[in-house]
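**Student:** next one to model:
(one chain, ligands or ions: 1)
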Amino acid sequence: MKKSARIFLVFLGSVLAAGSIMLVAGCGGGGGYGGGGSTLPQPQPQPSTAVSPTPAVSAVPTVHLNFFGSANGVLTDPTFGAVSGFTQQQHAQVLGLDPGVHVIITNNDSTAHTINVYSGGFPAQGAVTSAAAPNGGIFGPGYQSGPLAPGQSTAMLTTMSTAGNLFVVCAFHYAMGMRDGVIIKTGATPGPQATPNPAATGPACHGYGC
Ligand SMILES: [Cu+2]
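**Tutor:** Purely as a prediction, here's the structure:
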């Protein structure tokens, strides 16, 4: 439900039946999500005489997928365990995407991240590399973004065509808990969000960014 609402905000001008994942990271410091939905531009008023066409972007399911830092919490999911550092909204959550949709991942954090994709479970941390593996442009097992500098986006990707669970980690911050699950399924939606931590450095802070 939130997905379609955000279509109009971040993916402009495309006529493709594509989506855009925006990875927004807010690593370190005082938290905040950088580039979050609240800062996105609002549509300009249209003259009353104008015909208001159905926005072309209605065919473009856009998903925000956030990299975040401090105070965004950690969520214990029954399937994926503790997840932190990624969200489609504001705070840690399991991600949900349709099969076969186009996505673009953007790092809006002030530090570099990667997103490495696995099936079957989370890999051993020592096996995770920051090397890029384009995987034929498929956001599925084997895809590795390589380092995404602050503000950098991936090429257009396509989620894998079959339903299934994916396990994603950041090569740089996996040991800090930056890992998440992605449910690929028709009609999938992101899971509940974690309760944000009261302070990034406080004793209650868990997960990536603490
Ligand atoms: Cu990271």
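**Student:** need the contact list for residue 191.
**Tutor:** Residue 191 makes contact with 75, 77, 93, 94, 95, 96, 183 under the criterion Cβ atoms under 8 Å, 6 or more residues apart in numbering. Every residue, glycine included, has its C-beta placed from N, CA and C.
**Student:** for the second one, which residues are in contact?
**Tutor:** Residue 77 is in contact with 83, 94, 181, 191, counting by Cβ under 8 Å, 6+ apart.
**Student:** swap in the third one?
**Tutor:** Neighbouring residues of residue 93 by Cβ under 8 Å, 6+ apart: 75, 83, 86, 87, 190, 191, 192, 193, 194.
**Student:** helix, strand, or coil at it?
**Tutor:** coil (DSSP: H, G, I helix; E, B strand; the rest coil).
**Student:** let me know how buried residue 146 is, in neighbour terms.
**Tutor:** 17 (other Cβ atoms under 10 Å).
**Student:** straight-line length of stretch 160-173, end to end?
**Tutor:** Stretch 160-173 has an end-to-end distance of 25 Å (criterion: Cα to Cα, to the nearest Å).
**Student:** with stretch 161-172 instead?
**Tutor:** 28 Å.
**Student:** would you mark the buried spots in it?
**Tutor:** Neighbour-count burial for stretch 161-172, with 16 or more other Cβ atoms under 10 Å as criterion, is recorded at 165, 166, 167, 168, 169, 170, 171, 172.
**Student:** same check on stretch 123-136?
**Tutor:** Buried residues in stretch 123-136 (16+ other Cβ under 10 Å): 128, 130, 135.
**Student:** which residues touch the second one?
**Tutor:** Contacts were defined as Cβ under 8 Å, 6+ apart; by that measure residue 130 touches 114, 144, 146, 147, 171, 172.
**Student:** redo that, cut-off 10 Å
**Tutor:** Residue 130 makes contact with 112, 113, 114, 116, 144, 145, 146, 147, 148, 170, 171, 172, according to Cβ atoms under 10 Å, 6 or more residues apart in numbering.
**Student:** next one: it relative to the ion, how far apart?
**Tutor:** Taking Cβ to the ion, to the nearest Å as the measure, residue 130 falls 10 Å from the ion.
**Student:** assign a three-state SS to residue 136, would you?
**Tutor:** helix.
**Student:** mind saving the C-alpha coords of stretch 140-149 as CSV?
**Tutor:** What follows is stretch 140-149, C-alpha atoms only, in CSV (Å, rounded to 0.1, in the frame of the first residue of the first chain):
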residue,chain,number,x,y,z
GLY,A,140,18.6,-12.3,-6.6
PRO,A,141,21.2,-14.8,-5.2
GLY,A,142,24.7,-13.8,-6.3
TYR,A,143,24.1,-10.1,-6.8
GLN,A,144,26.7,-7.9,-5.1
SER,A,145,26.5,-4.2,-5.6
GLY,A,146,30.1,-3.5,-4.8
PRO,A,147,30.7,-0.4,-2.7
LEU,A,148,28.0,2.2,-3.1
ALA,A,149,29.5,5.6,-2.3
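**Student:** how about it and the ion, touching?
**Tutor:** No - judged by Cβ under 5 Å from the ion, stretch 140-149 stays clear of the ion, getting no closer than 8.8 Å.
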